[in-house]
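>>> Here's a sequence, model it:
(one chain, ligands or ions: 1)
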Amino acid sequence: PEERKLSGLWRNELDSLMEISAVRDNGDFQGKYLTRVTLAGSCAHASPLRGAQQQPSEGGWPTFAFTVRWDKFSNATTAFTGQCFMDTGGKETLTTMWLLREAVGSLEEDWKATRVGRNVFTRK
Ligand SMILES: CN1C(=O)N(C)[C@H]2CS[C@@H](CCCCC(=O)O)[C@H]21
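Okay, the predicted model is just below:
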């Protein structure tokens, strides 16, 4: 059913905006991620995202994953994975965990290059 697709505009508690464009029949999607805060300070930039969602047959809530390639201001990449839920009031939320991989200059610094966090998106 159409209503269980991720396409549309989402916002998280860091006030980032995520626009997911058309979700293909196989669940693939792409879009843009606009971040207001970054590792180096704040700068609003739109970066490309690509991902895929499941389309559970028995009408369950789809899981998904996507990556954001931070563009023009960072050499980092973030991978998100999570699930879409709808509360009794019909409000959809995407609960996610993410891994943010920062580019470091040497193998010796590799240990400190990956951050992890939880994040919830609601429709904007
Ligand atoms: C704004 N954010 C956001 O909406 N998150 C869920 C977290 C995980 S990705 C990070 C932004 C990383 C930007 C790239 C960089 O600063 O190098 C932060």
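>>> Tell me the spacing between residue 62 and residue 87.
The gap separating residue 62 from residue 87 is 16 Å, by Cβ to Cβ, to the nearest Å. For glycine as for every other residue, the C-beta is placed from the backbone atoms N, C-alpha and C.
>>> Just want to know which of the two has more residues nearby.
Comparing residue 62 with residue 87 by other Cβ atoms under 10 Å, the one with more neighbours is residue 62, at 19 against 8.
>>> Low-confidence bits of the chain, can you list those?
When residues are selected by pLDDT under 70, those of the chain lie in 1-3.
>>> Flag every residue of it that's near the ligand.
12, 14, 16, 35, 37-39, 70, 74, 76, 78, 98, 100, 117, 119 (Cβ under 6 Å from any ligand atom).
>>> Narrow those to those that are buried.
Buried members of these, scored by 16 or more other Cβ atoms under 10 Å, are 12, 16, 35, 70, 74, 76, 78, 98, 100, 119.
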